[in-house]
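K.L.:
With the input below, show me the fold.
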Amino acid sequence: MTSFTHLNKAGQAIMVNVQQKLPTLRTAVAQCIVKTPANVFEAVLDKKISKGDIYSVITLAGINGAKQTSNLIPLCHQINMDCVSLDIIPDRKDYSFLIKSRITCEAKTGVEMEALSAVTIAGLTFYDMCKALSHDILLTDIKLLEKHGGKSGSYIKYS
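P.N.:
Numbers count the residues shown, from 1 in each chain. Modelled structure (predicted):
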């Protein structure tokens, strides 16, 4: 059985020491699906959200969420990210929006948590901007899709 890297021998929480690791190119891709009622979906597509340009606000919130990860998750390292991007893709068949983040950097540790934070904060911001129209908005399928770089190599899981 593999031991937890964030626990010392006494079982107490620690931040993993990455001092001896060499920086490598790191990439992570994550997603969040936001399911909405039809009226919310159409209002977003028709740009009739009273709080403003939802796509810009969601994107900026996601980028900020990635940048704040080490402040929100106690044992995460601060990482200087080279690029944070978000895509918001509507799906008319089930009135949902797929939010995907992609983060790249050269670092000693991965950016999975930053990618997951980006889509989660973007999804929460979506909810905040649309809650006046409905509280029946569901954030779902928050997950890591890809991770590249580092000792453990690549991880790809789209199903």
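K.L.:
Secondary structure element holding the residue nearest to residue 62 when sequence neighbours are not counted?
P.N.:
Using Cβ to Cβ, 6 or more residues apart in numbering and skipping residues adjacent in sequence, the residue nearest residue 62 is residue 122, 3.4 Å away. In short, each C-beta sits where N, CA and C put it, glycine included. Using DSSP states H and E, residue 122 falls within helix 112-130.
K.L.:
which helices and strands does that helix pack with?
P.N.:
Applying 3 or more Cβ pairs under 8 Å, 6 or more residues apart in numbering; DSSP states H and E, one finds that helix 112-130 contacts strand 24-35, helix 38-45, helix 54-67, helix 69-72, strand 83-91, strand 96-107, strand 138-148.
K.L.:
now these as CSV including mean pLDDT and mean neighbour count?
P.N.:
Converted to CSV, these look like this (pLDDT from 0 to 100; neighbours: other Cβ atoms under 10 Å):
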stretch, mean pLDDT, mean neighbour count
strand 24-35, 97, 21
helix 38-45, 97, 17
helix 54-67, 97, 20
helix 69-72, 96, 15
strand 83-91, 98, 15
strand 96-107, 97, 21
strand 138-148, 98, 16
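K.L.:
what's the distance between the helix holding residue 122 and the middle of its chain?
P.N.:
6 Å (Cα atoms, centre = their mean, to the nearest Å).
K.L.:
And for stretch 115-135?
P.N.:
Chain-centre distance of stretch 115-135: 12 Å, with Cα atoms, centre = their mean.
K.L.:
from now on call the first residue 44
P.N.:
All set: I'll call the first residue 44, so the last point we hit is now stretch 158-178.
K.L.:
Kindly export that stretch (C-alpha atoms) in CSV.
P.N.:
Extracted C-alpha coordinates of stretch 158-178, given in CSV (Å, rounded to 0.1, in the frame of the first residue of the first chain):
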residue,chain,number,x,y,z
ALA,A,158,-7.0,23.1,-12.8
LEU,A,159,-9.6,21.7,-10.5
SER,A,160,-9.9,24.9,-8.5
ALA,A,161,-10.3,26.9,-11.8
VAL,A,162,-13.3,24.9,-13.0
THR,A,163,-14.9,24.8,-9.5
ILE,A,164,-14.7,28.5,-8.9
ALA,A,165,-15.8,29.1,-12.5
GLY,A,166,-18.8,26.9,-11.9
LEU,A,167,-19.7,28.6,-8.6
THR,A,168,-19.4,32.0,-10.4
PHE,A,169,-21.8,30.7,-13.1
TYR,A,170,-24.3,29.8,-10.3
ASP,A,171,-23.9,33.2,-8.7
MET,A,172,-24.5,35.0,-11.9
CYS,A,173,-27.6,33.0,-12.8
LYS,A,174,-29.2,32.3,-9.4
ALA,A,175,-31.7,35.1,-9.8
LEU,A,176,-33.2,33.1,-12.7
SER,A,177,-33.2,29.8,-10.9
HIS,A,178,-31.7,27.9,-8.0
